[in-house]
Structures are given as C-alpha cells and as structure tokens.
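Engineer: show me how the following folds:
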Amino acid sequence: MRSSIRTLTIVISVVGAFAGFYSIRQDAQIVQKTAEPPKQGVPEVIILAKESKVGTVTFNHVKHNSGEYTVDGPIRCIECHHVSQPASEAAKHPPLKTVWPADRTTTLTMDLFSKDPKGAAVAKCHDCHARKGETPKLLAAIPETKDAGSTTITTLTNQLAFHQACDSCHIQIKANRPDSKVPDAVTCVSCHKRS
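Structural biologist: Below is the predicted model:
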C-alpha cells in the first residue's frame with residue numbers, strides 16, 4: 001500500500017512538472033509569436049552638447065519638424081540633415097556639397113523615413129561634424145568652407161555647425177515674430193542648461 005502511494009505520488013509529481021513546463025513553454029511561444037520588434041521612429045527629444053562646459057541642449061525634434069517652432073511651416077528634414085539629398089540638390093545650396101551616401105538618389109522626408117528608417121540613410125550631425133581634433137564617422141575629415149571673397153578657411157566642427165544652423169533660424173524667427181519664445185541666439189544659457 002505504501003509503495004503504491006509513493007509510486008502514485010511520484011507519477012503525480014512527474015506529470016505535474018511536465019504540465020507546468022508545458023504551460024510555461026506555451027506561454028513563451030505565445031509571447032514570441034505576438035511580440036513585434038519595436039518600430040524606429042523619429043526621436044522626440046534629443047540631448048545635444050553633452051560635453052559642453054555651459055550645459056546640454058534639449059532639442060525637441062518633433063516640435064521642430066511638425067511646424068510648431070517655425071515661422072512658415074515644418075522644417076524640412078534636409079534643412080538640418082543636409083547630406084541626405086542627391087548631390088544635384090545639395091549643389092543648389094552653397095556652400096553645401098557633401099551628400100551621404102555619395103551615390104544618394106533620394107531626398108530625406110518624413111514619409112521616406114516612416115516607410116524605411118534604415119533605408120532612409122539618416123546621418124546624425126556629429127557623424128560629419130565631429131569635435132575639434134576628432135575624425136568624423138562618415139568623412140575623412142571635418143568639412144571646411146571658405147566664404148566668398150575671403151581666403152579664410154573655416155572648419156565646421158560640430159559646435160560651429162550647430163551654432164550656425166540653430167542661431168540663423170532662431171534669429172529669423174525672432175525677427176519675424178518678436179513675441180516668440182524662441183531661445184535668444186546670442187545668450188548661451190537660452191539653449192544650454194546645466195543639469
């Protein structure tokens with residue numbers, strides 16, 4: 001009698017263990033079947049100038065490209081990501097001349113990015129405009145430019161490229177909408193904040 005109770009207990013334990021394992025496996029399979037890879041979207045907020053002595057800059061990407069922060073509608077992707085257009089288009093906006101990849105045939109748009117984030121080939125600013133003394137990720141050297149009528153060559157480090165792009169837009173918005181809360185282009189702490 002004891003032997004059959006012990007055998008019955010062992011059989012029940014083994015069956016229970018298999019049932020529990022099978023239940024866990026089924027749940028794992030269900031999760032694997034229903035889980036979708038995360039969709040890559042435009043980052044809503046980007047923290048810039050992480051190594052700046054005057055503090056980081058919080059850039060709301062979505063509000064800039066939705067038109068909320070501009071004078072006349074959304075900022076086109078290529079206004080900041082200027083290398084994301086064919087060379088023939090970049091040539092229309094001197095001194096811009098670099099495109100990436102070099103054989104690019106499409107112009108970066110939100111629609112293009114939404115359909116195929118990886119295929120849209122979006123270069124981040126610091127991929128080309130590296131910090132002084134560093135080599136950019138996508139180019140052999142930091143881009144240089146020379147103003148018309150000048151012999152001075154300017155190296156467009158990430159700091160200079162950001163300031164030129166951001167400041168020119170902020171100055172334009174302030175001129176067109178004096179009541180705007182756009183950060184002041186000549187006051188560093190308007191954009192840069194210490195944590």
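
Engineer: please make it C-alpha for all contacts and neighbour counts, starting now.
Structural biologist: OK.

Engineer: what about the helices in this protein?
Structural biologist: 2-34, 61-66, 77-80, 87-90, 110-115, 125-128, 158-176 (DSSP state H).

Engineer: any idea which of those scores lowest on pLDDT?
Structural biologist: Note on the helices of the chain: helix 2-34 shows the lowest mean pLDDT, a mean of 40.

Engineer: show the pLDDT at the one residue sitting closest to the centre of the chain.
Structural biologist: Against the mean C-alpha coordinate of the chain, by C-alpha atoms, centre = their mean, the closest residue is Pro43 at 5.5 Å. Per-residue pLDDT puts Pro43 at 86.

Engineer: residues in contact with Ser168?
Structural biologist: Under the criterion of C-alpha atoms under 8 Å, 6 or more residues apart in numbering, the neighbours of Ser168 are Ala185.

Engineer: what about it, distance to Glu44?
Structural biologist: According to C-alpha to C-alpha, to the nearest Å, Ser168 and Glu44 sit 22 Å apart.

Engineer: same deal with Val99?
Structural biologist: 25 Å.

Engineer: okay, these two: which has more neighbours?
Structural biologist: Comparing Val99 with Glu44 by other C-alpha atoms under 10 Å, the one with more neighbours is Val99, at 21 against 12.

Engineer: quick check: closest non-adjacent residue to the more buried one.
Structural biologist: Spatial nearest neighbour of Val99, excluding adjacent residues (C-alpha to C-alpha, 6 or more residues apart in numbering): Val83 at 4.0 Å.

Engineer: quick one: that neighbour and Ala123 touch, right?
Structural biologist: Yes: the criterion here is C-alpha atoms under 8 Å, and Val83 meets it with Ala123 at 7.4 Å.

Engineer: joint contacts of the two?
Structural biologist: Trp100.
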